[in-house]
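1. Just need the structure, nothing else, for what follows:
(2 chains)
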Amino acid sequence: MMDKETIVCADEKILFSEMGSEIVILNIDNGRYTNLDEISSLIWKLIQEKIKVGEIIDIMMSKFRGSAEEIERDVLTLLDQFSQRGFLSVFPPES
Amino acid sequence: MNKSDGMPEEFWIPADIYYKEGAFTADWVDLSVADGSLPFLGQQIAAAQAAGAGSKTAPLPPAEEDFPVSPPGLIFHAGRCGSTLLSVLLSNLPQCRLMVEPPVLNRILSADGLWPFLPAEIRAEALKRVVFACARAANRMGCRTIFKLSSWNALHLPVFQKTFPAVPCLFLYRKPVEILVSLMRQPPSWGHRADTVTAASLFFRLPPSQVPPDRQVLMAQTVGRLMQNVADAIEQEGDASRWLLIPYEELLRSGAGAAAGHFGLTPMARSQAAAQSLPAHHARDSSRPFSPDSAEKQAAADPELIRLAESLIGPAYERLESLRRIRARGRA
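-> Residues are numbered from 1 along each chain as shown, chains lettered A, B, ... in the order given. Below you'll find the model as predicted:
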């Protein structure tokens, strides 16, 4: 289970192509494509390097309206989906 | 046009390309036995391979900037507007080698495999290596290479602009409704790219949420984008002399003379006549007699097609016409 201290990074086997503000990603392990909407694409770009989940939430809060709880929940839900599909590497919090 | 007479023994060009771990490799084919009467390079390659032409897989070397070869010319077009006819006319010129819709360039720009996911600079480098490899091969024959590209390649025009900033370019186009009538009657090879949102997004370079569900709309939108990209390129570059705009009616009136001049070809009188006379047969299908069909296509358009042509292609078409008129006045 991820929390704000968890560190995430896009898996290197996932390729992506930017189409304007949206992204199409390709999992080269299974040849499957996934389309990301504008907000998911923004998060995808943020996780191209190791980043704390809390930092992602802070950035999204600075860009979008909504309660902190709502944005945190949405970010964690999306990252969880990425993780389940093998798009994401998850690292334990730094000690 | 078969130019095998006097051709060097070998004419190796890249027929396919691969990129792995920083290295470019190509499947090469020796086109010295190619049937030049076949209009498309893919057909020539297939025929040469069937005839036992030499083939090999080998590295695709970098383009040598200082290689003493004239830059090739690039022909872009909106589709269904006489580009194959133009390439047939130009191929009559003795110092001109036409590469018509090279499959290897389409591979680099396609939505297939890893290519759309590779960084733009790698795809640009691949384009450059392929174009210069073909130009080098033609140069050994004393020819200039003109590339007649697939219509949809103009979706990638910014890559071409950046990669070949000084190469003379030509854009052939036609009244929007005539193009759409033709596309509806005989869907283009790229039509199947609209089958899924992801395929369409990757091929047409559209955000997935902006892929129109209606195929007719997607086709019209694509033709409009091709024209718009060219108009944008001309306006961005600020030097209209690099581009020659030829509407279909002008091609039928004047043949390929203006195109030959634009590409720096100086045809001999006999060749020039050949380049400027319209063929008796259809460029893509020699069994069909050639006859201008603009009036028939205009009459065949239904109100919805006319609406799509006017709304999705019309503004870009008018921009091109305006740019062409400005340039014509500048020359007068």
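2. Would you mind listing the buried residues in the biggest helix by length in chain A?
-> Ordering each helix of chain A by length in residues (DSSP state H) puts helix A:68-84 first. Neighbour-count burial for helix A:68-84, with 16 or more other Cβ atoms under 10 Å in any protein chain shown as criterion, is recorded at A:71-72, A:74-76, A:78-79, A:82-83. Heads up, the C-betas are built off the backbone N, CA and C, glycines and all.
3. Redo the residues you listed as CSV? Include pLDDT and distance to chain B.
-> Supplementary listing: the buried residues of helix A:68-84 in CSV, determined by pLDDT from 0 to 100; distance: Cβ to the nearest Cβ, whole Å:
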residue, pLDDT, distance to chain B
A:I71, 96, 21
A:E72, 96, 25
A:D74, 96, 18
A:V75, 97, 20
A:L76, 97, 24
A:L78, 97, 16
A:L79, 97, 20
A:F82, 97, 17
A:S83, 96, 21
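4. Now do the longest helix of chain A: everything it contacts.
-> In this structure, residues lying in contact with helix A:68-84 by Cβ atoms under 8 Å, 6 or more residues apart in numbering or on different chains are A:2-4, A:8, A:10, A:40, A:43, A:47, A:53, A:56-57, A:60-61, A:64, A:66, A:88, A:90.
5. just checking, next helix/strand downstream of that helix?
-> Next helix or strand after helix A:68-84 toward the C-terminus (DSSP states H and E): strand A:88-91.
6. Just the buried positions in that following strand, please.
-> Residues A:88-90 are the ones in strand A:88-91 that count as buried (16+ other Cβ under 10 Å).
7. now, which of those residues sits nearest B:C169?
-> Minimum separation from B:C169 among the buried residues of strand A:88-91 (Cβ to Cβ) is found for A:L88, which lies at 43.4 Å.
8. State whether that closest one and A:Q48 are indeed in contact, as I suppose.
-> No. With contacts counted by Cβ atoms under 8 Å, A:L88 stays clear of A:Q48, the gap being 11.4 Å.
9. So for those two, which residues contact both of them?
-> Contacts common to A:L88 and A:Q48, judged by Cβ under 8 Å, 6+ apart, are A:9-10.
10. residues contacting A:I14?
-> With contacts defined as Cβ under 8 Å, 6+ apart, the neighbours of A:I14 are A:25-28, A:86-87.
11. Please pick the buried ones from the residues you listed.
-> Of those, these count as buried by 16+ other Cβ under 10 Å: A:25-27, A:87.
12. Among these, which pair sits farthest apart?
-> For the buried ones among the contacts of A:I14, and using Cβ to Cβ, no pair is farther apart than A:L26 and A:F87, which are 10.6 Å apart.
13. residue ranges of the strands in the stretch 201-332 of chain B, please?
-> B:243-247 (DSSP state E, counting those that start in this stretch).
14. Is the helix or strand A:V24 falls within in proximity to chain B?
-> In the assignment (DSSP H and E), A:V24 maps to strand A:22-27. Yes. Where contact is defined by Cβ under 8 Å from any Cβ of the partner chain, part of strand A:22-27 touches chain B, namely A:22, A:24, A:26.
15. Look up phi and psi at the nearest residue to A:F91 once chain neighbours are set aside.
-> Closest residue in space to A:F91, ignoring its immediate chain neighbours: A:I7 at 4.1 Å, by Cβ to Cβ, 6 or more residues apart in numbering or on different chains. Backbone dihedrals for A:I7, given as degrees, to the nearest 10, come out at phi -110, psi 130.
16. Now do the same contact list for A:I7.
-> Residues near A:I7 by Cβ under 8 Å, 6+ apart: A:50-53, A:90-94.
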